[in-house]
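Peer 1: sequence isn't available, so here's the structure alone:
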């Protein structure tokens with residue numbers, strides 16, 4: 001039964017999403033501590049940096065485990081797939097960085113919960129774009 005569940009792409013996406021979320025929160029916490037980010041602007045800068053690092057992490061686990069895209073040329077992986085992946089999540093990143101994170105930070109929502117909310121809102125849109133546009137087999 002467990003093997004049957006793991007065959008479903010959506011389930012693998014959710015598992016990788018949880019791993020990426022945990023990774024994002026850890027990276028954000030580390031950056032906030034390293035920068036001693038006490039102001040909303042500094043915490044948002046930390047958020048932007050953590051998002052990019054987490055995006056790179058998630059790109060590779062989604063590519064190899066969710067969509068099971070094996071080897072590809074460096075040109076194809078970086079200039080086609082990675083570029084499209086960044087574009088597919090840009091709306092989620094934009095709304096998270098410039099609307100959700102600042103609003104929830106202003107409302108004094110802890111950055112971990114804030115990050116979870118932002119990730120949850122962008123997950124469905126990102127999955128559909130990634131499935132239809134980024135890792136679509138030629």
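Peer 2: Okay, I see it. Keep in mind it's a predicted model, so treat the numbers as computed, not measured.
Peer 1: how far away is the spatially most central residue of the chain from residue 23?
Peer 2: In the chain, the C-alpha closest to the average C-alpha coordinate belongs to residue 55, at a distance of 4.6 Å (Cα atoms, centre = their mean). Distance check for residue 55 against residue 23: by Cβ to Cβ, to the nearest Å, it reads 10 Å. For the C-beta atoms, the positions are set from N, CA and C on the backbone; glycine is no exception.
Peer 1: what touches both of the two?
Peer 2: Taking Cβ atoms under 8 Å, 6 or more residues apart in numbering as the contact rule, residue 55 and residue 23 touch no residue in common.
Peer 1: about what we covered before: for the residue nearest to the centre of the chain, list the residues it contacts.
Peer 2: When contacts are counted by Cβ under 8 Å, 6+ apart, residue 55 touches 85, 86, 89, 93.
Peer 1: those helices in this structure, which residues are they?
Peer 2: Assigned by DSSP state H, the chain shows helices spanning 2-6, 9-35, 40-61, 74-75, 83-95, 101-106, 111-129.
Peer 1: what's the helix or strand of the chain with the lowest mean pLDDT in contact with?
Peer 2: Evaluated with mean pLDDT, DSSP states H and E, the helix-and-strand set of the chain has its lowest mean pLDDT in helix 2-6, which scores a mean of 72. Helix 2-6 is contacted by residues 11, 12 when judged by Cβ under 8 Å, 6+ apart.
Peer 1: what residues are up against the residue nearest to residue 27 when sequence neighbours are not counted?
Peer 2: Leaving aside its sequence neighbours, residue 27 sits nearest to residue 50 (Cβ to Cβ, 6 or more residues apart in numbering; 4.4 Å). With contacts defined as Cβ under 8 Å, 6+ apart, the neighbours of residue 50 are 24, 27, 28, 31, 115.
Peer 1: any idea how far residue 99 lies from residue 68?
Peer 2: Taking Cβ to Cβ as the criterion, residue 99 is separated from residue 68 by 34 Å.
Peer 1: all set, thanks.
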